[in-house]
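> After the sequence you'll find the predicted model.
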Amino acid sequence: MGVDGSATSLAAVESAAREADRMGVELRLAYACGWPVGRVAPGVPPWDPGGIRGHGSADAGLAEAGRRARSVAPGVRVTRTVLMGEPAAVLETESHRASLTVVGSRTATRVGGGRRGSVAARLAVRGGSPVLMVRGGRDPDGPVVLACDGGQVGRQAAAFAFAEASTRGTDVVVLNGFAARDGAPEGRARDPLAALRELYPDVAVYRRRVRGGTRRAVVEASTSAQLVVIGTRPRAGWNAALPATVSRAALRQAGCSVAVIPEQRTR
């Protein structure tokens, strides 16, 4: 979980604490201190131009994040760390030992006058774990929307969506997914989600027909949802360096939080 002290970051901390509680894992809070871009005064280590003052800001931010995490998930073990480096690169490295990487929705900054893409989009492409971008404005009574970046929704994405829906006490709406009549619950006969339906009998599953493309449908559905879950599949070659179209659109334009769940390769 990346922490920077902003309001969106603290909201993301609360979501990360709930996720850690649901998954039964610890919450690791990471504060990234960027490298200095200007000259460093004589006698000051280049890796710590702010000295004690810089560390104090990081410590204060992490302490507040820890308090917010414990307020919503008091049973979760929380660890804190300060790391040196560009924040997106630091989170990318940290993600390779995480069950889930959580970030806020501050999606762009300016570096050298050029616009940089979202941290979440970078993690969705190059990170080592699923990524959850927390964004405000969700409908507290809305469903969890499940979609994919082409083809059939992956097992990991479906499992994540069902677990979230059960925890939140809501339904799953599948876009571009499995055969069923519009607006009707999925039947159990030949249901590819049958195992999850058995595991989560409290979760109703609905299908919404996609019209006008999956990207548009996902963005539209997000305006009345609690969470959008996008399943992605591994890609090779130069395509592997680019975020898939549906997840990219969701991360940029969705009206609620977005989880991008990669389908793991099987041998």
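Cool, the structure landed.
> show me what contacts the nearest residue to residue 135 once chain neighbours are set aside?
Of all residues not flanking residue 135 in the chain, residue 105 sits nearest, at 4.0 Å (Cβ to Cβ, 6 or more residues apart in numbering). C-beta coordinates here come from the backbone N, C-alpha and C atoms, glycine included. Counting by Cβ atoms under 8 Å, 6 or more residues apart in numbering, residue 105 touches 8, 12, 120, 133, 134, 135, 136.
> What's the ChimeraX line that selects buried ones from those?
In ChimeraX, selecting the buried portion of the contacts of residue 105, with burial taken from 16 or more other Cβ atoms under 10 Å, looks like this:
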select :8,12,120,133,134,135
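> Could you dump the contacts of residue 105 into CSV and include pLDDT, secondary structure and distance to residue 25?
Output for these, formatted as CSV (pLDDT from 0 to 100; DSSP: H, G, I helix; E, B strand; the rest coil; distance: Cβ to Cβ, whole Å):
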residue, pLDDT, secondary structure, distance to residue 25
8, 80, helix, 23
12, 89, helix, 16
120, 86, helix, 20
133, 91, strand, 19
134, 91, coil, 17
135, 85, coil, 23
136, 75, coil, 25
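> out of the contacts of residue 105, who's nearest residue 76?
Comparing the contacts of residue 105 against residue 76 with Cβ to Cβ places residue 12 closest, at 14.7 Å.
> Make sure that closest one is actually in contact with residue 1.
Yes. Contact between residue 12 and residue 1 holds when scored by Cβ atoms under 8 Å: they sit 6.9 Å apart.
> quick revisit: would you check which pair of the contacts of residue 105 lies furthest apart?
Checking those with Cβ to Cβ, the most distant pair is 120 and 136, at 14.6 Å.
> per-residue pLDDT, the closest residue to residue 163 other than its chain neighbours?
Excluding its sequence neighbours, the residue lying closest to residue 163 (Cβ to Cβ, 6+ apart) is residue 22, at 6.7 Å. You'll see residue 22 listed with a pLDDT of 91.
> Tell me the spacing between residue 22 and residue 148.
Separation of residue 22 from residue 148 (Cβ to Cβ, to the nearest Å) stands at 22 Å.
> got it, and residue 158?
In terms of Cβ to Cβ, residue 158 sits 9 Å off from residue 148.
> any shared contact partners between those two?
Joint contacts of residue 158 and residue 148 (Cβ under 8 Å, 6+ apart) are residue 231.
> can you pull the contacts of the residue nearest to residue 120 when sequence neighbours are not counted?
Computed as Cβ to Cβ, 6+ apart, the closest residue to residue 120 that is not its neighbour in sequence is residue 133, at 3.9 Å. Contact analysis of residue 133 by Cβ under 8 Å, 6+ apart lists 102, 103, 104, 105, 118, 120, 251, 257, 258, 259, 260.
> ditto for residue 228
144, 145, 147, 218, 221, 222, 250, 254, 256, 257, 258, 259.
> let's see 7 Å
With contacts defined as Cβ atoms under 7 Å, 6 or more residues apart in numbering, the neighbours of residue 228 are 145, 147, 218, 222, 250, 254, 256, 258.
> picking up where we left off before, looking at the contacts of residue 133, which are in helices?
120, 251 (DSSP state H).
> Now do the SS call for the residue nearest to residue 163.
Classification of residue 22 by DSSP: H, G, I helix; E, B strand; the rest coil places it in helix.
> Could you number the chain from 773 rather than 1 from now on?
Sure, I'll start numbering at 773, so the last one becomes residue 794.
> That one touches residue 939, doesn't it?
Yes. Using Cβ atoms under 7 Å, residue 794 is in contact with residue 939, at 5.5 Å.
> Now the common contact residues for these two.
With Cβ under 7 Å, 6+ apart, residue 794 and residue 939 have no common neighbours.
> which non-adjacent residue is nearest residue 847?
In space, residue 847 is closest to residue 793, 6.5 Å off (Cβ to Cβ, 6+ apart).
> doesn't residue 846 make contact with the one you found?
No. Under the criterion of Cβ under 7 Å, residue 793 makes no contact with residue 846, lying 9.0 Å away.
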